[in-house]
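S.K.: model this:
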Amino acid sequence: MSGVMTASPVLMIRSVPSGVTEKDLEAWAKSYTFTDRDGATRNTSCIKSLLLTDRMIGFVQMGDIEEARHIMDLYISSPDQVCMRRPDGTHLLNLIYSDKQEIRAQPRARNQIPTSQTRILLVVLKNLSATIMMDELFWIFSQFGTVEKLSSFTKNLKNQVLVQYASQEQASTAMAYLNGRNIKFSSPPQTPNGTPGTGSCQLAIVPSKLPELTFKNQDQKNRDYSQINETLKWQFVQARLSQIDIRSALTQLGQMWQWRIRDFLWGVWVLGEGWLDPQQESQFQGQIPVDTSGPQRGIPEGQVGDCVHISKITTDKDIEEKLTGVDKHGGFSANQLWKLCGMYGDIVAVKMLFKYEGSAIVQFKSSEYAKACIEHLSAVPLWGAKWDVKQSKNANAMHWSGANTELESRMCTVLTNETPPSPPAYNLAKPCDSLVLWDVPEGVSGDDLVTLFSTKGKTLDGTYGRVKGANVTGPGGASVVMETTEDALVACSVLNGMTVQAGGMEFVIKMHFDKTSKREEDEDEGLPRTMTEVSAQVAANIGTFMTKTWTA
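M.R.: Below you'll find the predicted structure:
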């Protein structure tokens, strides 16, 4: 290194490892711990990041110049400690101070559409055992509709293909059947005079956000099938006019051009005995068995605005660090978010983000429910952190079977879970320590509810979920007061919608936070805490008013 570098909060990273995103840069910038001028130990922070993919250069704007100086000092003294871990190994980074004091670049507009409206599929070829030709994929995907274009590439050491259909319905049908399935194919011979080999792979499919698949030139990785589709379309037209036999015509074309047309083409059984590739169950011979309400489903529905992004959710790691001396009781799970967020409207899916620890996407049936969730759960304090709840850019939070089996345990969807009960809109409230139950069977007492919430409405080790008291307030109604808001949050996330037994009765727990309860942030305002206190306060106010009026 030569010359004198002027310190700046912005660090420039040269030769950024392949596949790195701006989110990866931010995660790296937050991964260091240092002692500041006041002697306090804290983590570094990142305000903004910028990645110039075409030049493989990245920029990170640290929280302050002291943080940037710490990383640069570490880079100069121990460069092997300034690195970024990627799937293909650990990469040392090349750092310098930027000549800018802040990152001012505006986010580039993305040419994207909601995944629920796409006709393009992103296909990951998992466990690929041999080279697969684009034409082989073309005929496999053409079983379900008109495939217009294919484009293959490698990203993060994964072989991927973009498949563009003529319509969204065709793409959804293909995804519903092929996602997660294993296919076998013919691979090109190893020598000029050799015989073709065989290979296999698993298809992991998700909808793409691209509105159109474009490329400048056709080659082995980019193919436009317009000409072949026109030929096939002409055969179907001739067959409809009864001028040709479609089976014979397609068989002749396949032999002439070495096309490996399957039994199905464009969703129609045209050849053979009616078997799909890969083969469907015998009872579905001659048809495409797609049930979009089952575990194998197509492109999920949803619009931008239906989803909520929640971050700063406490995880196992956070609990160990922030609550020293307390046994690990597990961070918030997808199932717990399902029950808690479901209190604010009809919920469709919850997805814990795999790459971003402590973050999740929650999908509702409408944007109104999403807005209610944002309004009431923003800045919720739980286990030493406050949730950041905002509208998500995603149109849905559904997990596509087979795309990543590791995500199965991090998902809850309406297809596999009962929708949790939600109260009327006028009863929605921000989290507090007081809970209101409805549809409680006659015969269930306050003591029964205390026992129930004490044994079931808590974390596994009993750290949270402590009950202060419970009371039956009237026909079908009851209230439960927890020790803290965190205890109430845990109880809701575990018990809401659960079928339980208490007082010799079996019933489903339906509850919401008490709208009349004073929350922790209102303690200094002298607001009434329960409905009884509200009534007493109203009565007192009326009495004071009448006394003043009579005196006057």
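S.K.: State the mean pLDDT of the helix or strand where A491 lies.
M.R.: For A491, the element it lies in under DSSP states H and E is helix 485-495. Here helix 485-495 scores 89 as its mean pLDDT.
S.K.: and if you look at stretch 442-450?
M.R.: For stretch 442-450, the mean pLDDT works out to 91.
S.K.: First-to-last residue distance for that stretch?
M.R.: In stretch 442-450, first residue to last residue: 16 Å (CA to CA, to the nearest Å).
S.K.: any idea which helix or strand comes after the helix holding A491?
M.R.: Next in sequence after helix 485-495, counting helices and strands by DSSP H and E, comes strand 499-502.
S.K.: Mind exporting the C-alpha coordinates of that next one to CSV?
M.R.: Only the C-alpha atoms of strand 499-502 are listed here, as CSV (Å, rounded to 0.1, in the frame of the first residue of the first chain):
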residue,chain,number,x,y,z
THR,A,499,-57.5,-27.1,21.3
VAL,A,500,-57.2,-27.6,25.0
GLN,A,501,-59.0,-29.2,28.0
ALA,A,502,-59.9,-27.2,31.1
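S.K.: can you give me the helices in the stretch 401-550 of the chain?
M.R.: According to DSSP state H, counting those that start in this stretch, the stretch 401-550 of the chain carries its helices in the segments 446-455, 485-495, 531-551.
S.K.: same thing with the chain?
M.R.: Remark: helices assigned in the chain by DSSP state H are 22-29, 65-77, 134-141, 168-178, 226-240, 246-257, 316-322, 334-341, 367-377, 446-455, 485-495, 531-551.
S.K.: Identify all contacting residues around stretch 282-291.
M.R.: Outside of stretch 282-291, the residues within contact range by CB atoms under 8 Å, 6 or more residues apart in numbering are 143-144, 173, 176-177, 264, 267, 269, 273-276, 280-281, 296-298. In this view, the C-beta of every residue, glycine as well, is placed from N, C-alpha and C.
S.K.: Now stretch 217-234: average pLDDT?
M.R.: 94.
S.K.: Just the terminal-to-terminal distance for that stretch.
M.R.: 26 Å.
S.K.: next one: stretch 270-284
M.R.: End-to-end for stretch 270-284, by CA to CA: 15 Å.
S.K.: List the buried residues in it.
M.R.: By 16 or more other CB atoms under 10 Å, the buried positions in stretch 270-284 come out as 270-271, 275-277, 280.
S.K.: how about those residues in TSV, adding distance to N229?
M.R.: Shown next, in TSV, are the buried residues of stretch 270-284 (distance: CB to CB, whole Å):
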residue	distance to N229
V270	15
L271	17
W275	23
L276	20
D277	19
Q280	24
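S.K.: From what I see, L253 and Q238 are in contact.
M.R.: No - taking contacts as CB atoms under 8 Å, L253 lies outside contact range of Q238: 11.9 Å.
S.K.: for the helix holding A491, packing partners?
M.R.: Contact partners of helix 485-495 among helices and strands, from 3 or more CB pairs under 8 Å, 6 or more residues apart in numbering; DSSP states H and E: helix 334-341, strand 381-382, strand 434-438, helix 446-455, strand 477-482, strand 510-513.
S.K.: Nearest to N222, out of these?
M.R.: helix 334-341 (38.0 Å; CB to CB).
S.K.: Quick one: low-confidence residue ranges for this structure.
M.R.: Residue ranges of the chain with pLDDT under 70: 1-5, 54, 105-116, 291-300, 315-331, 398-410, 413-416, 457-465, 518-552.
S.K.: roughly how far apart are R104 and W28?
M.R.: 21 Å (CB to CB, to the nearest Å).
S.K.: So if I had to pick from the two, which one is more boxed in?
M.R.: Set R104 next to W28 and count neighbours by other CB atoms under 10 Å: W28 wins out with 22 against 10.
S.K.: my read: that one touches V82, true?
M.R.: No - counting by CB under 8 Å, W28 does not reach V82; the two are 9.2 Å apart.
S.K.: want to throw the helices of the chain into TSV with distance to L353?
M.R.: Output for these, formatted as TSV (distance: least, CB to CB, whole Å):
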stretch	distance to L353
helix 22-29	10
helix 65-77	25
helix 134-141	29
helix 168-178	21
helix 226-240	38
helix 246-257	45
helix 316-322	15
helix 334-341	10
helix 367-377	17
helix 446-455	30
helix 485-495	18
helix 531-551	39
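S.K.: And the ones you listed: which comes nearest I509?
M.R.: helix 485-495 (4.9 Å).
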